[in-house]
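A.B. asks: my questions concern the predicted model and sequence given below.
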Amino acid sequence: MSGKKVVLPLEGGCQCGAVRYAISAAPLTLYCCHCTECQAQSSSAFGMSMLVDYDSLNVDWSSLGVWGRKTDSGGSMTCHFCSTCGTRLFHLREGDTEIVSVKAGSLDDHDWLEPVGHIWTDSAQSWFELPDDKMTTARDPGEMDDYIVRWREMTANWFV
């Protein structure tokens, strides 16, 4: 996908339009998560998570519903969603005030989305074939540094 140009800010929102957001800086990474929680939350085979700097996300947090849950790796996270239509929009890991996981399917423009890798692949659906050219991690990778580095390499000239 070389030569792709993505114009900032990125904009998105919930299905009913009650919640809108904008992201003013290039995302840190984009990956697919195959954990059983993401499968349930997305009602699909996996969820797409786009990590962004907290300060680059402009949203009215007070307009969102919040639900807390344990993660498959044993931590906790808060899940933020539209109080009207229920669309899941953001995840915050317990204790992390610098990075937000944006549910990438809530972006207005989906054409440029290309995940750099897949995590929790040991719980991926048996019919899903993992791409050979993407990073994979069997469970929780912990720190996302390798995914961030690979994303920066892949998208070096995408964002304007």
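C.D. replies: All right, it came through fine.
A.B. asks: can you read off the pLDDT for residue 2?
C.D. replies: pLDDT for residue 2: 53.
A.B. asks: pLDDT of the strand or helix carrying residue 80, averaged?
C.D. replies: Residue 80 is located in strand 76-82, with elements delineated by DSSP states H and E. Predicted confidence along strand 76-82 averages 92 (mean pLDDT).
A.B. asks: list the buried residues of whatever helix or strand comes next after that strand.
C.D. replies: Sequence order places strand 88-93 as the next helix or strand after strand 76-82, per DSSP H and E. Using 16 or more other C-beta atoms under 10 Å as the test for burial, strand 88-93 gives 88, 89, 90, 91, 92. From N, CA and C alone the C-beta is placed, and that goes for glycine too.
A.B. asks: which residues are in contact with the second one?
C.D. replies: Contact partners of residue 89, counting by C-beta atoms under 8 Å, 6 or more residues apart in numbering, are 12-14, 19, 21, 59, 64, 80-82, 102-103, 106.
A.B. asks: with residue 49 instead?
C.D. replies: Applying C-beta under 8 Å, 6+ apart, the residues contacting residue 49 are 30, 31, 32, 33, 38, 91, 101, 102, 103, 104.
A.B. asks: I'd like the next helix or strand past the lowest-mean-pLDDT helix or strand in the chain.
C.D. replies: Within the chain, no helix or strand scores below helix 36-42, which has a mean of 79 by mean pLDDT, DSSP states H and E. Where DSSP H and E defines the elements, the next helix or strand beyond helix 36-42 is strand 47-53.
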